[in-house]
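Q: please find the sequence and the predicted model below.
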Amino acid sequence: MEGKKILIVEDTSFYGKLINNALQNLGYNVLEIVATGEEAINKATELNPDLILMDIILQGKIDGIEAAAIIKRNLNIPIIYLTAFTDAKIMERAKATEPYGFLVKPFSDRELHTNIEIALYKSQMEKKLRESEEKYREILSSMSEGYYETNMQGRYVFFNDSFCRITGYSREELLGNSFRLLQAPGEKTYHFFNKVYQTEVAMEGFTFTLKKKDGENMVVELSISPVRDSEGKWKGFRGLMRDITERKRYEEKLQYLSFHDSLTSVYNRGYFEEEMERLKNSRENPISIIVVDLDGLKIVNDSLGHDEGDQLLRITADILNRSVRYNDIISRIGGDEFAIILPRTEENVAIGIGKRIRGNVKKYREQNPETALTLSLGISTTRDRSDLLMEVFKEADNNMYREKLSRGSISKRIIIKAFLSILEEKDFLSGGHADRLHLLTQNFAERLGLAPQQISNLQLLSSVHDLGKVGISDRILFKRGRLNQSERDEMQRHAKIGHQIAIVCPDLQHIADLILYHHENWDGSGYPAGLKQKAIPFECRIFTLADAYDAMTSPRPYRSSITPKEALKEIKKCVGTQFEPGLAEEFIDMVLQKIN
């Protein structure tokens, strides 16, 4: 009902307004109210309503019935008549225009609603029926299948245009030629014709490869039926030919996808389980299984986005493919987990393959330091044929988890190192920014008499405070000009992203809150938590001064740098809002002493 457009044709203003109000209350869209048959025709042509409510007795030269007849003939728009009269002659004239309903004034809103909904439904069904009939006529007039007839020697005596189109041959080239003209090397289509002749039973739906005129092979589906003359004697064969090349390709693709992981192109869990079932009583012992887990995938997905996580999975699959033998079976069995079945493989050989995988991972990291790739492996081997293969898989899985736990901190360090490499590529740590922050925060912290641990925290924060920017689009990071509100909101996410990364890394856990709050302001106007005054960690209150000073005195994509004295004036303006008053005065004094 929503959005259906209705034109009201009513010469009585009172009724027109009454119907308009009722329709709007029922949720319909009233296009206009007109009072004459001429206006009704013009507005129906111009506005193309879904339905017309037509008063029979109208002002002007033509009444509602005449207007309805013209609209039906030219536009085929459904019409419901409105009338206060039930004269037999008028009703007969009205019925001749095949209206979708009659409403006798006065009528209730419920009657109006019911008649409109029935008319709209009837119109929709008639439209679908017309479309179906038109489609059926098109199919009958132009068959897509190729139809052919041959004589007893298999020579073509009749065929339709689609048969020529499918084969690529002209009518002159095909007429009188043998079906062997279309037979691809290795195909023996004559066997099927012979079978139909011997059994006198039609064959349908068998496939063979056809050679087109241009030499290209295509797969077709063929039917063959006997043709007899009026006396019942064999005359030849007839049938239909359908090009199913694309369908076969699609079926092959579906077959491939049913056993392969669409992201990495290795086998999927379904295939892995089938192979485990097939091999459980096989003679291919010993069987080794390697379970591989991509460490830190959640961190990468949360920080860099799922596209980067997907790329890591593809890289992992590629490394595994390059590390194993031709007959070994690699499957992705979970979001971040792979399993490799190694038939006829002793434990020492499986361990060697595991070392090869680790070596290839290390080599890849050296060549691509910005890639957070680190794997945990678990290996297990059947001892004899009585060993349950599923138990061997579970043991390999447990061994993988033990390794994951034992080297968890190492894996996370590798991931953090990769993130920092990404930052270097994005030019956040190059150009001396981190070095200048190191020096500024150390000098300031020593001037304030901070404890060695606080100084160490500030030094580490100087290196990794922008870690979360690995998850921010380069379009925003390097935009020239000011950011709009949505871009600022996206940029401000880097504090939370950096915090998420830090809390899972043992080396950064103790400064995770400093990364989260390093953009908080003294008056509570900062982000992400809006902390104010002493609620902001002390190291962050120190760091924000050094970071702001270095940002102003260093060029950025959206502005040029300013002089140290100009930067100190800006800091002074923000005392009490962005910066803690006492700390800001101390910082200004320190920098002025250095300048002077």
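A: Thanks, I have the structure now.
Q: locate S123 within the secondary structure: which element?
A: Using DSSP states H and E, S123 sits within helix 109-141.
Q: what do you get for P226?
A: Secondary structure assignment for P226, by DSSP H and E: strand 217-228.
Q: check which residues of whichever helix or strand comes after that strand are buried.
A: Next helix or strand after strand 217-228 toward the C-terminus (DSSP H and E): strand 234-243. Across strand 234-243, burial judged by 16 or more other Cβ atoms under 10 Å covers K235, G236, F237, R238, G239, L240, M241, R242, D243. Glycine gets a C-beta too; all of them are placed from N, C-alpha and C.
Q: next, the distance between the ends of stretch 327-343.
A: For stretch 327-343, the separation between the terminal residues is 8 Å (Cα to Cα, to the nearest Å).
Q: what's across from the closest residue to F272 other than its chain neighbours in the sheet?
A: Distances taken as Cβ to Cβ, 6 or more residues apart in numbering place S331 nearest to F272, at 3.6 Å, with adjacent residues excluded. Assessed by DSSP bridges, S331 has beta-bridge partners Y267, A339.
Q: S331: what's it in contact with?
A: By Cβ atoms under 8 Å, 6 or more residues apart in numbering, S331 lies in contact with D261, V266, Y267, N268, R269, Y271, F272, E275, F338, A339, I340, I341.
Q: thinking the third one is in contact with N321, fair?
A: No - checked against Cβ atoms under 8 Å, the pair Y267 and N321 is beyond contact range at 11.2 Å.
Q: looking at those two, which is more packed in?
A: Using other Cβ atoms under 10 Å as the criterion, Y267 and N321 rank with Y267 on top: 21 against 13.
Q: need the contact list for that one.
A: Per Cβ under 8 Å, 6+ apart, neighbours of Y267: F259, H260, D261, E275, I329, I330, S331, R332.
Q: just the buried residues from these, in PyMOL please.
A: Applying 16+ other Cβ under 10 Å to these, the buried members can be selected in PyMOL as follows:
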select buried, resi 260+261+275+329+330+331+332
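Q: returning to that earlier point: quick one: common contacting residues for Y267 and N321?
A: I330.
Q: ok, the residue nearest to F272 to T264 distance?
A: Relative to T264, S331 is positioned 10 Å away (Cβ to Cβ, to the nearest Å).
Q: same question, G236
A: 54 Å.
Q: can you tell me which of the buried residues of strand 234-243 is nearest E221?
A: Closest approach between these and E221, by Cβ to Cβ: R242, at 4.6 Å.
Q: related to what we said a few turns ago, partner strands of the strand holding P226, with direction?
A: strand 203-211 (antiparallel), strand 234-243 (antiparallel).
Q: could I have the longest one exported to PDB, CA atoms only?
A: This file holds the C-alpha atoms of strand 234-243, laid out as PDB (Å, rounded to 0.1, in the frame of the first residue of the first chain):
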ATOM      1  CA  TRP A 234      13.000 -45.300 -40.600                       C
ATOM      2  CA  LYS A 235      13.700 -42.000 -42.300                       C
ATOM      3  CA  GLY A 236      16.400 -40.500 -40.100                       C
ATOM      4  CA  PHE A 237      16.900 -38.700 -36.800                       C
ATOM      5  CA  ARG A 238      15.900 -35.500 -35.200                       C
ATOM      6  CA  GLY A 239      16.700 -33.700 -31.900                       C
ATOM      7  CA  LEU A 240      17.600 -30.600 -30.000                       C
ATOM      8  CA  MET A 241      21.000 -29.200 -29.200                       C
ATOM      9  CA  ARG A 242      21.700 -26.900 -26.300                       C
ATOM     10  CA  ASP A 243      24.900 -25.100 -25.600                       C
END
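Q: give the next helix or strand downstream of it.
A: Trace forward from strand 234-243 with DSSP H and E and the next one is helix 245-259.
Q: could you tell me how many residues sit around the closest residue in space to D11 that isn't next to it in sequence?
A: Nearest non-adjacent residue to D11, counting by Cβ to Cβ, 6+ apart: A35, 4.2 Å away. The local packing of A35 (other Cβ under 10 Å) involves 18 other residues.
Q: hmm, A35 is touching M54, no?
A: No - using Cβ under 8 Å as the test, A35 is too far from M54 to be in contact (11.7 Å).
Q: which residues do these two both contact?
A: V9.
Q: which of the strands paired with strand 217-228 has the lowest average pLDDT?
A: Note on the strands paired with strand 217-228: lowest mean pLDDT is at strand 203-211, with a mean of 85.
Q: tell me the buried residues in that strand?
A: Neighbour-count burial for strand 203-211 flags M203, F208, T209, L210, K211 (criterion: 16+ other Cβ under 10 Å).
Q: the fourth one and M143: what is the separation?
A: Meaning L210. According to Cβ to Cβ, L210 and M143 sit 18 Å apart.
Q: lowest-pLDDT helix or strand in the protein?
A: Least confident helix or strand of the chain, by mean pLDDT, DSSP states H and E, is helix 408-425 with a mean of 67.
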